[in-house]
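Enquirer: The following comprises the amino acid sequence and a computationally predicted model.
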Amino acid sequence: MAQKSIEKAESYDLLSRIGKKVLRPGGKKLSLQMLHLLDISEADTVIEFAPGIGLTATYTLQKHPKQYIGLDKDARNIKNLRQKFNNPQVSFLLTDVAKPVLPSNYASKVYGEAMLTMYADHKKLEIIAEAKRILQTGGLYAIHELAIEKQNLSDKALAALNKELAQVSHVNARPLGITEWQQLLQQEGFKIVALQTSEMLLLEPKRLLADEGLLNLIKIFFRIICNQQIRKRVIALKKAFRKHRKHLKALVIIAQKLD
């Protein structure tokens with residue numbers, strides 16, 4: 001990784017390129033809880049928005065859905081995913097997830113993780129509306145996102161939190177409050193059927209070990225230690241997450257399309 005790219009890389013890209021496999025705010029544990037709540041079966045057609053490196057896709061396919069389609073705008077991700085998964089029931093499409101590339105009422109389950117947070121509110125609504133369009137009536141839509149606990153948080157402190165997150169992550173992330181995430185889904189006509197939250201501990205040692213395993217964690221630490229620019233970026237991320245820890249949450253919502 002060239003020094004210039006390290007300095008400018010978005011946090012997701014930076015962490016994935018140093019070998020971190022689990023990049024969801026609630027870690028592997030909350031991703032698995034999300035899939036448990038979705039209750040995917042052999043009868044389901046499943047759509048995943050922005051599958052990334054395909055870790056959650058691996059867990060989804062262990063449930064043997066009738067069909068799985070991953071939609072991602074990153075050509076590199078799509079190429080890698082197509083090589084990784086060789087299954088006639090599995091396909092990956094290069095597209096903006098807000099674009100209508102699939103038929104209406106096509107899927108029984110749709111989910112996306114750590115991607116709505118990265119967009120402005122109007123784009124969030126476009127993506128949620130597209131999830132609703134491709135879902136069958138009664139189908140489920142799951143999100144796993146970063147949330148802000150806004151209790152006892154002033155508008156000034158909230159603005160400072162968002163500014164610092166954007167600066168250290170090099171992404172203009174727009175996490176919402178827990179209630180606001182629910183309202184956004186309800187605004188598009190979804191019914192909230194389940195909600196779970198956990199601490200956002202993405203770069204804490206216990207979470208890293210649980211998510212990555214000892215061998216991969218050693219490899220990640222080695223890459224951080226051996227590269228000053230990587231180390232500087234990762235330390236800045238970790239400091240920001242710790243500083244705002246009591247206000248940062250990981251959130252999973254399961255929502256149902258009613259009509």
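Expert: Nice, I can see it.
Enquirer: Determine the longest strand present in this protein.
Expert: The residue-count maximum for a strand in the chain (DSSP state E) belongs to strand 135-148.
Enquirer: Nearest residue to the middle of this structure?
Expert: Geometric centre of the chain, nearest residue: Ala114, 2.0 Å, by CA atoms, centre = their mean.
Enquirer: Leaving aside the residues adjacent along the chain, what's closest to that residue?
Expert: Arg24 (5.0 Å; CB to CB, 6 or more residues apart in numbering). From N, CA and C alone the C-beta is placed, and that goes for glycine too.
Enquirer: Let me know how buried that neighbour is, in neighbour terms.
Expert: Arg24 is flanked by 23 other residues according to other CB atoms under 10 Å.
Enquirer: Isn't it up against Ile143?
Expert: No. Contact criterion CB atoms under 8 Å: Arg24 and Ile143 do not qualify, at 10.8 Å.
Enquirer: Show me the common contact partners of these two, please.
Expert: Counting by CB atoms under 8 Å, 6 or more residues apart in numbering, the shared contacts of Arg24 and Ile143 are Glu113.
Enquirer: sorry, back to before: which strands and helices sit next to the longest strand of the chain?
Expert: Under the contact criterion of 3 or more CB pairs under 8 Å, 6 or more residues apart in numbering; DSSP states H and E, strand 135-148 touches helix 27-38, strand 107-113, helix 121-134, strand 176-177, helix 178-187, strand 190-199, strand 248-257.
Enquirer: rerun that using 7 Å as the cut-off
Expert: helix 27-38, strand 107-113, strand 176-177, helix 178-187, strand 248-257 (3 or more CB pairs under 7 Å, 6 or more residues apart in numbering; DSSP states H and E).
Enquirer: Other residues contacting stretch 145-165?
Expert: Residues from elsewhere that reach stretch 145-165, judged by CB atoms under 7 Å, 6 or more residues apart in numbering: 25, 114, 116-117, 173, 175-178, 181, 197, 200, 240, 244, 247-251.
Enquirer: cool, and stretch 98-113?
Expert: Residues outside stretch 98-113 that contact it (CB under 7 Å, 6+ apart) are 24, 31, 34, 38, 40, 44-50, 56, 93, 95, 123, 126-127, 130-131, 133-136, 139-144.
Enquirer: buried set for it?
Expert: Buried residues in stretch 98-113, counting neighbours by 16 or more other CB atoms under 10 Å, are found at Ala98, Leu102, Tyr106, Ala107, Ser108, Lys109, Val110, Tyr111, Gly112, Glu113.
Enquirer: end to end, how far does that stretch reach?
Expert: Start-to-end span of stretch 98-113 (CA to CA, to the nearest Å) is 15 Å.
Enquirer: same question, stretch 40-49
Expert: End-to-end distance for stretch 40-49: 16 Å, by CA to CA.
Enquirer: Which positions in that stretch come out as buried?
Expert: By neighbour count with 16+ other CB under 10 Å, stretch 40-49 contains the buried residues Ile40, Asp44, Thr45, Val46, Ile47, Glu48, Phe49.
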